[in-house]
Structures are given as structure tokens and as C-alpha cells.
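Enquirer: sequence plus predicted model, see below.
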Amino acid sequence: MKIITKHFGEIEIDHEKIINFIDGIPGFDDQKRFIIIDNPDETVPFKWLQSIDEPELAFVIINPFVFKEDYEFDLPKHVIDKLKIKEEKDVLVYSIVVIPEDITQMTANLLGPLIINTNEMLGKQIVLDDNRYTTKHYILENAKAKGKEE
């Protein structure tokens, strides 16, 4: 299947890799079908969550454990049920990233992780009730702090 994207032009995708966000993504409730596109630069930990139906809609995402190893939360039972999660190994977690002009101010939304069941290809963005996390967690601050510890 071919789709048109703003950032990558026309690309061929595997129909089986389409993730169905049952409820859409907050603010984009009508967009349900997405695919994860790897970054062409494999040394960068970012990926793209690209809408199948809206070429202009794509989010930069990152595995939050790359820069915040102690990131943890419990998935509510209703989310586990909705995404048909049976085993932890089938779950991927991503955070949406905002990259401003000043790249040192890049942030990730740790309060609203994207949860994906790779077995069922179902996804949902959840909002955590956890004051340890924010919608604007500075990614590079964590990387600098980690580098100083080593």
C-alpha cells in the first residue's frame, strides 16, 4: 500500500504494520490509522508516527526509556482491556516529542505516553495521573545529567 507523507513523500507501507488508535489521538480524534516510520538516520533515536489518512499529520516520537531509564507507570485495566494486551512483551511505549527551533529545548510528553500493542496493532495515548511527569520533559537535560554520572 502506498501513502503520501509530508516529510517522506510517497512511501510504500506494509498494511499489517498499520496501528489502529481506536480513540484517535487527543486533539486528532478523527485520525485512527497510523504507522511508525523509522528515522532515515539510524543513529538518532527518533521515529515518526505518521497518519495514514492525513499526509500532513505526523508526530516525532521516542522510546522514553532511552533518556529516562526510571520511567515507570501502571497501565489502567481499562486500557489493558481496550488494547487487548495479554503479555508485557507485546507492548511498546513512546512519547511525543516537540522539537523547537532551539533544539536544546526539545521536550517529550511523559504525562501522555503512547501505548501500542504490537500483537493486535492497537494503540492509545493515555494521560497519567502522576505528578512525577510533565508534558514537557526536557530530553537533553536528562542526557547531560546521565553523561555527568558516568
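Expert: That came through, no problem.
Enquirer: who's in contact with the residue positioned nearest the centre of the chain?
Expert: In the chain, the C-alpha nearest the mean C-alpha coordinate belongs to Tyr94, at 3.3 Å (Cα atoms, centre = their mean). Neighbouring residues of Tyr94 by Cβ atoms under 8 Å, 6 or more residues apart in numbering: Lys47, Leu49, Ile61, Ile62, Asn63, Pro64, Pro113, Leu114, Ile116. Quick note: C-beta positions are derived from backbone N, CA and C, even for glycine.
Enquirer: lowest average confidence, helix or strand, in this structure?
Expert: helix 139-149 (a mean of 59; mean pLDDT, DSSP states H and E).
Enquirer: so what's the residue nearest to the centre of the chain bridging to?
Expert: Judged by DSSP bridges, the bridge partners of Tyr94 are Leu114.
Enquirer: distance of it from Gln50?
Expert: 13 Å (Cβ to Cβ, to the nearest Å).
Enquirer: likewise for Thr104?
Expert: 26 Å.
Enquirer: who's more crowded, these two?
Expert: Between Thr104 and Gln50, Gln50 has the larger neighbour count (other Cβ atoms under 10 Å), namely 22 against 10.
Enquirer: what is the neighbour count of Glu141?
Expert: 14.
Enquirer: how about Tyr138?
Expert: By the measure other Cβ under 10 Å, the count of residues near Tyr138 is 15.
Enquirer: now the nearest residue to it once chain neighbours are set aside: how far from Phe28?
Expert: Spatial nearest neighbour of Tyr138, chain neighbours left out: Thr107 (5.7 Å); criterion: Cβ to Cβ, 6 or more residues apart in numbering. Taken as Cβ to Cβ, the spacing of Thr107 relative to Phe28 amounts to 19 Å.
Enquirer: likewise Ile4?
Expert: 17 Å.
Enquirer: okay, those two: which has more neighbours?
Expert: Phe28 (15 against 12).
Enquirer: residues touching Pro45, list them.
Expert: When contacts are counted by Cβ under 8 Å, 6+ apart, Pro45 touches Asn39, Ile62, Asn63, Val66, Phe67.
Enquirer: now, which of these lie within helices?
Expert: Per DSSP state H, helices hold no members of the contacts of Pro45.
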